[in-house]
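**Student:** Output the structure for:
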Amino acid sequence: MSSSDIFIGETIGTAILILLGGGVCAAVTLKASKARNAGWLAITFGWGFAVLTAVYTSAPLSGAHLNPAVTVALAIKDNDWSNVPAYLAGQLLGAMIGAALVWVAYYGQFHAHLTDKEIVGGPGAQATEAKAVEAQETGAGPVLGIFSTGPEIRNVVQNLLTEIIGTVVLVLAILTQGLNNNGDGLGPIGALIVALVVVSIGLSLGGPTGYAINPARDLGPRIVHALLPLPNKGGSDWGYAWIPVVGPLIGAAIAAGIYNVAFA
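**Tutor:** Have a look, this model is predicted:
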């Protein structure tokens with residue numbers, strides 16, 4: 001496949017991934033959303049279906065990595081880094097496009113949520129449990145969780161290890177069960193397997209950090225959150241932003257090493 005096919009496929013696929021994954025987070029979080037307070041189960045399955053849709057859409061063009069951790073793991077496995085820049089560029093751009101589309105789709109809900117005194121505070125506002133939690137999450141605005149991840153308890157070592165562990169599970173499942181016949185991306189059955197693995201990771205390991213397990217999925221939307229003209233949006237929590245980037249990349253390298261030693 002050509003570099004242009006890779007770039008276009010990863011841009012389209014990652015945009016769909018974030019549109020649907022960020023979309024379910026917006027649906028569950030924002031005021032005036034019919035799915036508000038639908039809960040963690042809705043989020044985990046929403047992300048799983050987002051992976052399924054994005055992979056099936058982009059696989060014919062790029063192999064549907066949609067995640068720098070997957071790209072790095074395959075580069076280590078095959079010792080071929082030639083296409084890595086095209087993959088990473090498409091993934092980051094696609095993630096930013098997807099996040100912007102979530103904002104467009106939920107424009108009215110974002111405005112209603114971020115101008116509600118019970119959400120953002122102000123004269124006459126009453127203290128709420130949600131605001132108390134957000135106040136503890138230094139630097140994180142009230143809708144940042146729609147765009148990117150954040151920890152429930154801020155412990156750098158634990159947060160980093162959680163992302164590493166989750167990514168190892170994801171990447172090992174891809175390398176052992178999910179690849180196409182060429183071994184350079186996800187296949188038709190692999191797409192379903194990986195979608196179910198993502199649901200499993202979310203249910204079992206997503207509680208501490210929100211399971212980024214994908215640097216582009218977190219960094220691209222975080223940049224968009226910082227740039228969008230959202231009223232009372234608060235900070236983008238850049239002090240935490242390195243963990244969902246570095247953790248998954250370390251996890252990818254570990255998973256590729258395990259694969260090469262145990263399975264190759």
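**Student:** Where does pLDDT dip in the protein?
**Tutor:** 122-138 (pLDDT under 70).
**Student:** Scan it for its longest helix.
**Tutor:** helix 3-29 (DSSP state H).
**Student:** What is the subsequent helix or strand relative to that one?
**Tutor:** On the C-terminal side of helix 3-29, the closest following helix or strand by DSSP states H and E is helix 40-62.
**Student:** Centre of the chain to that following helix, how far?
**Tutor:** 11 Å (Cα atoms, centre = their mean, to the nearest Å).
**Student:** For it, which helices and strands make contact with it?
**Tutor:** helix 3-29, helix 188-205 (3 or more Cβ pairs under 8 Å, 6 or more residues apart in numbering; DSSP states H and E). The C-beta positions use only the backbone N, C-alpha and C, and glycine is treated the same way.
**Student:** So what angle separates the directions of it and helix 188-205?
**Tutor:** 150 degrees (axes from the mean of the first three to the mean of the last three Cα atoms, to 10 degrees).
**Student:** Just the C-alpha atoms of helix 40-62, please, in PDB.
**Tutor:** In PDB, the C-alpha atoms belonging to helix 40-62 read as follows (Å, rounded to 0.1, in the frame of the first residue of the first chain):
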ATOM      1  CA  TRP A  40     -20.000   3.100  31.900                       C
ATOM      2  CA  LEU A  41     -21.500   0.100  30.100                       C
ATOM      3  CA  ALA A  42     -22.800   2.400  27.300                       C
ATOM      4  CA  ILE A  43     -19.400   4.000  27.000                       C
ATOM      5  CA  THR A  44     -17.400   0.800  26.800                       C
ATOM      6  CA  PHE A  45     -19.700  -0.800  24.200                       C
ATOM      7  CA  GLY A  46     -19.900   2.500  22.300                       C
ATOM      8  CA  TRP A  47     -16.100   2.500  22.000                       C
ATOM      9  CA  GLY A  48     -16.100  -1.100  20.900                       C
ATOM     10  CA  PHE A  49     -18.600  -0.500  18.200                       C
ATOM     11  CA  ALA A  50     -16.600   2.600  17.200                       C
ATOM     12  CA  VAL A  51     -13.500   0.400  16.700                       C
ATOM     13  CA  LEU A  52     -15.500  -2.100  14.700                       C
ATOM     14  CA  THR A  53     -16.900   0.600  12.300                       C
ATOM     15  CA  ALA A  54     -13.600   2.400  11.900                       C
ATOM     16  CA  VAL A  55     -11.600  -0.700  11.200                       C
ATOM     17  CA  TYR A  56     -14.000  -2.100   8.600                       C
ATOM     18  CA  THR A  57     -14.100   1.300   6.900                       C
ATOM     19  CA  SER A  58     -10.400   2.000   6.700                       C
ATOM     20  CA  ALA A  59      -8.900  -1.500   6.500                       C
ATOM     21  CA  PRO A  60      -8.900  -1.700   2.600                       C
ATOM     22  CA  LEU A  61      -6.800   1.400   2.400                       C
ATOM     23  CA  SER A  62      -4.400   1.300   5.300                       C
END
